[in-house]
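Visitor: Show me the folded form of this:
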Amino acid sequence: MTKKHFIEMADTLKAFFETNAGTEMDVMTRNVLINALADFCQSQNSNFNRERWLGYVAGTNGKNGGKR
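Guide: Residues are numbered from 1 along each chain as shown. Alright, predicted model coming up:
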C-alpha cells in the first residue's frame, strides 16, 4: 500500500465517524478499530508512519503530518 492508500483509508474512517457520530459506537470500540487498521497498514508498508496516520484520523495532523 502507498501513502495515497493510507490517506484514502483515513478519509473514509473520518467520514464514517462523522456520519455516525450519534450512534452507539463507544470510544473504546472506535480506538480498537483504528489501531487494528493501523497495525494492518504497518504490516503492508514498513515506511508507514503510525503516529502521523493516527493524528490525521483524529484531525490533529494534515495529510503530510503537519499540525492543522
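Visitor: If we go by neighbour counts, what in the helix or strand where Gln42 lies is buried?
Guide: Assigned by DSSP states H and E, Gln42 belongs to helix 27-44. For helix 27-44, a neighbour-count test (16 or more other C-beta atoms under 10 Å) marks Ile34, Leu37, Ala38, Cys41 as buried. C-beta coordinates here come from the backbone N, C-alpha and C atoms, glycine included.
Visitor: all strands for this protein, in order.
Guide: In the chain, no segments count as strands under DSSP state E.
Visitor: Tell me the pLDDT of the residue nearest to Asn61 when sequence neighbours are not counted.
Guide: The spatially closest residue to Asn61, leaving aside those adjacent along the chain, is Gly55, at 3.4 Å (C-beta to C-beta, 6 or more residues apart in numbering). On pLDDT, Gly55 comes in at 93.
Visitor: Tally up the residues packed near Gly55, please.
Guide: Residue neighbour count, defined by other C-beta atoms under 10 Å, stands at 18 for Gly55.
Visitor: same thing with the one 3 residues further on?
Guide: When counting by other C-beta under 10 Å, one arrives at 12 neighbours for Ala58.
Visitor: Quick one: the helices in the chain, in order.
Guide: 3-19, 27-44, 50-58 (DSSP state H).
Visitor: Turn those into a markdown table, columns for distance to Gly66.
Guide: Formatted as a markdown table, those follow (distance: least, C-beta to C-beta, whole Å):
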| stretch | distance to Gly66 |
| --- | --- |
| helix 3-19 | 14 |
| helix 27-44 | 19 |
| helix 50-58 | 9 |
